[in-house]
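1. Everything below, folded, please.
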Amino acid sequence: MNTTGELNWFKSSYSGSEGDDCVEVARTPQVVHVRDSKDADGPRFAVSPSAWVDFVGYAAH
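-> Just a heads-up that it's a prediction; the model follows:
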């Protein structure tokens, strides 16, 4: 989070340069937030940092 309390979203380094099928992530010490970059105001989900690490490890294989 920045000093105004807003989440700092960043695009996955695996997202394409065309802007399609992009995932954005914002981390806090307690939660990892995930959203679709094409719909920034749309649905999001949040998981614990340990669950995120497990997911990324699984997805990398």
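
2. mind listing what the most centrally placed residue in the chain touches?
-> The centre of the chain sits closest to residue 25, judged by C-alpha atoms, centre = their mean, with a distance of 1.6 Å. Residues counted as contacts of residue 25 (C-beta atoms under 8 Å, 6 or more residues apart in numbering) are 9-10, 12, 32-34. Backbone N, C-alpha and C define where each C-beta goes, glycine included.

3. Give me the subset of these that lies in strands.
-> 10, 32-34 (DSSP state E).

4. and which of the residues you listed is nearest residue 53?
-> residue 32 (8.9 Å; C-beta to C-beta).

5. which one is that closest one nearest to, not counting chain neighbours?
-> residue 52 (4.1 Å; C-beta to C-beta, 6 or more residues apart in numbering).

6. So that neighbour is in contact with residue 30, correct?
-> No - contact criterion C-beta atoms under 8 Å: residue 52 and residue 30 do not qualify, at 11.5 Å.

7. Who has more neighbours out of these two?
-> For residue 52 versus residue 30, neighbours defined as other C-beta atoms under 10 Å are more numerous around residue 52 (17 against 8).

8. residues of the helix or strand containing the more buried one that come out buried?
-> Residue 52 is located in helix 49-59, with elements delineated by DSSP states H and E. Neighbour-count burial for helix 49-59, counted by 16 or more other C-beta atoms under 10 Å, picks out residue 52.
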